[in-house]
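Asker: pasting the sequence and the predicted coordinates here, then a few questions.
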Protein chains: 2
Amino acid sequence: MSVSKTVNDDYPTRNSDSFQVISRRDPIVYGNSLQLDVLDSDQVKFFEESGYLFFPNLFSTKEVSTLSDELERLSKNEELKKQEQFVLEPQSGEVRSIFEVHKNNNLFEKLSKDPRVVNVVRQLLGSDVYITQSRINRKPGFEGKEFYWHSDFETWHAEDGMPHMRAISCSISLTDNYEFNGPLMVIPGSHKQFISCAGKTPDNHYQVSLKRQEIGTPDKENLEKMVKQNSIDTAKGPAGSVIFFDCNLMHGSSGNITPYPRSNVFFVYNSIKNKLEDPFSASKPRPEYIASREPQVITPKSLEITI
Amino acid sequence: MSVSKTVNDDYPTRNSDSFQVISRRDPIVYGNSLQLDVLDSDQVKFFEESGYLFFPNLFSTKEVSTLSDELERLSKNEELKKQEQFVLEPQSGEVRSIFEVHKNNNLFEKLSKDPRVVNVVRQLLGSDVYITQSRINRKPGFEGKEFYWHSDFETWHAEDGMPHMRAISCSISLTDNYEFNGPLMVIPGSHKQFISCAGKTPDNHYQVSLKRQEIGTPDKENLEKMVKQNSIDTAKGPAGSVIFFDCNLMHGSSGNITPYPRSNVFFVYNSIKNKLEDPFSASKPRPEYIASREPQVITPKSLEITI
């Protein structure tokens, strides 16, 4: 039986056979109540208009190599690989993703608190934040699959009960992102409207949607309109580059047939004032390791990896 | 029964379980015996070193729109669509490719003889040329599939009996090629060696390989080596741009999840001194509309589409 909520839902989705455009009802940039200054006014304005910010080389070569070494060490630990947080390739048994790295690994926990990252988010969201999802994606060359366009908020709202658009994703690349190895693609400005999606959330949808999402992806007509307005931008840059993007920004990525691998660390920071509720369009919430319901407010602290 | 030839084969392939690197035994640029000057010495040198030449805006907006209109007219002709040269999408019945357009359509025949195109090839190959294959590829947005790395010559040698590397492909884009809608990717310098491929050509291989090629594609190890040397270049540019590339240049393309369509006209010009023989590694030649055995020497003549 579905226990979907019908009250106080600003962004109804997956409850009909049609797609609908709903204007964003939440701010994009919240008041800077913590009085931070990691971003200047041009950067804040760019985020407000475009929905993302890209910083090449935010982390040093030394930091990237320390993080990459740690990822390789984790990926080779046969005991760890038995945990549900470790997603393995069915055929090779290779580690493809590791969830909850901000909880189960000391180094990545430190990374998630680094002021270069977390203060960007705190300034834009105007409040303290906690992590609702973290994961490392580890993709070798030749076989990276495409990921179709989607707004993360659509899923987080429908399946995790995130009430408002007051969360920002942060992707830290551990490998070089070229135009040809499937970098993240974003549609600038698409965060200003919500595409209410057709269909209904299947039970345990996350078991398929994390590999290939269909329910919760927008229709071609609306995608075409959004791309016509502002085209597409790609997050290209050397390892150590970071992209921050609004929870409702439409994004996707092409497949990767090149020999260049792609690995990145992904943190979702949610405002402490935007705690998860019951799912708005799913029969039960996703597991804790995918969407945390135990808010732990982050105190910024430097990563401190030195040469 | 296989009638594969074993004599005079400079580039044996598909006759063992292993991949092998064979140094190119043919020139890349042949003597300019026709004394043409459409390319200057820097361009000739670039082609020799890199294996390709890219010309943005070689055709005008007016020419592109005339060619595109003709393609749309052909694609809507239900009688023509019954011909084997027309490859249709199984589900929608939409035209995806049209072969032999240099024979079955007046406008595209003229295009294939335009001096801006054919004289580039005649200068580099140092002889008169004819067309062994022509086709238009017509791909709408959202659903362009990836095409894995391959050398065309490997297939043309194995399946069509092209004896030597003395052919050049020319791709004329009818739509804008961005970095994100799956433009042609090439590995510069890869034309200097031949990757002899493992496996054996299945009967009627073209019926699957034109959609998704596996036999005749190189191994990851050699691809990685080639990319390490010279990385990857992509053919980005507005509609009307043209790329010429050596028959043995390793190339491929990523899928396209963007709304931007991709259409291009593709001509393969072969030297008249390099006529097709019996296949070197297949039981019978591919059909005439895919690999012509009736050489018709091209006399250059302007397309003459004016504003």
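Answerer: In hand now; what should we look at? Numbering: from 1, shown residues only, chains lettered A, B, ... in the order given.

Asker: switch to C-alpha atoms for all contacts and neighbour counts from now on
Answerer: Noted.

Asker: which residues of the stretch 151-300 of chain A fall in helices?
Answerer: In the stretch 151-300 of chain A, the helices defined using DSSP state H, counting those that start in this stretch lie at A:152-155, A:206-209, A:220-230.

Asker: got a list of contacts for the longest one?
Answerer: Same thing as helix A:220-230. Under the contact criterion Cα atoms under 8 Å, 6 or more residues apart in numbering or on different chains, helix A:220-230 has outside partners A:187-190, A:195, B:142, B:259.

Asker: what's around the residue of the stretch 51-200 of chain A found nearest chain B, how many residues?
Answerer: Nearest residue of the stretch 51-200 of chain A to chain B: residue A:179, at 6.2 Å (Cα to the nearest Cα). Look at residue A:179: counted by other Cα atoms under 10 Å in any protein chain shown, it has 20 neighbours.

Asker: mind listing what it touches?
Answerer: A:234, A:236, B:179-180 are the contacts of residue A:179 under Cα under 8 Å, 6+ apart.

Asker: which residues of the stretch 51-200 of chain A lie near chain B?
Answerer: When proximity is defined as Cα under 8 Å from any Cα of the partner chain, the stretch 51-200 of chain A approaches chain B at A:142, A:146, A:148-149, A:179-180, A:185.

Asker: tell me which other helices or strands the lengthiest helix in chain A touches.
Answerer: When chain A is parsed with DSSP state H, its longest helix is helix A:61-75. The contact analysis (3 or more Cα pairs under 8 Å, 6 or more residues apart in numbering or on different chains; DSSP states H and E) places helix A:61-75 against helix A:106-113.

Asker: residue A:116 belongs to a helix?
Answerer: Yes. Assigned with DSSP: H, G, I helix; E, B strand; the rest coil, residue A:116 falls within a helix.

Asker: report the contact partners of it.
Answerer: A:38, A:58.

Asker: give me the pLDDT value at it.
Answerer: According to the prediction, residue A:116 has pLDDT 97.

Asker: and the lowest-mean-pLDDT helix or strand in chain A, what's buried?
Answerer: Lowest mean confidence among the helices and strands of chain A (mean pLDDT, DSSP states H and E): helix A:206-209, at a mean of 84. For helix A:206-209, a neighbour-count test (16 or more other Cα atoms under 10 Å in any protein chain shown) marks residue A:206 as buried.

Asker: and for stretch A:124-144?
Answerer: Result for stretch A:124-144 [16+ other Cα under 10 Å]: buried residues A:124-142, A:144.

Asker: and residue A:251, how many neighbours?
Answerer: Residue A:251 has 22 neighbours, counted by other Cα under 10 Å.

Asker: any idea what residue A:22 is bridged to?
Answerer: Residue A:22 has the following beta-bridge partners by DSSP bridges: residue A:194.

Asker: in terms of contact, does it touch residue A:192 like I think?
Answerer: No. Using Cα atoms under 8 Å, residue A:22 is not in contact with residue A:192; the gap is 9.1 Å.

Asker: out of those two, which sits in the more crowded spot?
Answerer: Higher neighbour count among residue A:22 and residue A:192: residue A:192, with 22 against 14, using other Cα under 10 Å.

Asker: got the contact list for that one?
Answerer: Contacts of residue A:192 by Cα under 8 Å, 6+ apart are A:23-24, A:248.

Asker: what subset of the residues you listed is buried?
Answerer: A:24, A:248.

Asker: could you dump the contacts of residue A:192 into JSON lines with distance to chain B and pLDDT added?
Answerer: Below are the contacts of residue A:192 laid out as JSON lines (distance: Cα to the nearest Cα, whole Å; pLDDT from 0 to 100):
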{"residue": "A:23", "distance to chain B": "22", "pLDDT": "97"}
{"residue": "A:24", "distance to chain B": "23", "pLDDT": "98"}
{"residue": "A:248", "distance to chain B": "18", "pLDDT": "98"}
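
Asker: just the buried positions in stretch A:265-280, please.
Answerer: A:265-272, A:274-276, A:278-280.

Asker: the closest residue to residue A:262 other than its chain neighbours and residue A:145: what is the separation?
Answerer: Beyond its immediate neighbours in the sequence, the residue positioned closest to residue A:262 (Cα to Cα, 6 or more residues apart in numbering or on different chains) is residue A:139, lying 5.1 Å away. Using Cα to Cα, to the nearest Å, one gets 9 Å for the distance from residue A:139 to residue A:145.

Asker: before we move on, back to that, out of the contacts of residue A:179, which are inside strands?
Answerer: residue A:234 (DSSP state E).

Asker: now the contacts of residue A:179 in CSV, with pLDDT?
Answerer: Formatted as CSV, these follow (pLDDT from 0 to 100):
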residue, pLDDT
A:234, 97
A:236, 97
B:179, 96
B:180, 96
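
Asker: now the buried members of the contacts of residue A:179.
Answerer: Listed as buried from those are A:234, A:236, B:179-180; burial here means 16+ other Cα under 10 Å.

Asker: which one of these is nearest residue B:37?
Answerer: residue B:179 (31.5 Å; Cα to Cα).

Asker: what's the per-residue pLDDT of residue A:94 here?
Answerer: The model's pLDDT for residue A:94 equals 88.

Asker: what's the answer for residue A:10, then?
Answerer: Here the pLDDT value assigned to residue A:10 is 95.

Asker: tell me who's in contact with it.
Answerer: Here residue A:10 is in contact with A:25, A:163-164 (criterion: Cα under 8 Å, 6+ apart).

Asker: among these, which ones are buried?
Answerer: Among those, those classed as buried by 16+ other Cα under 10 Å are A:163-164.
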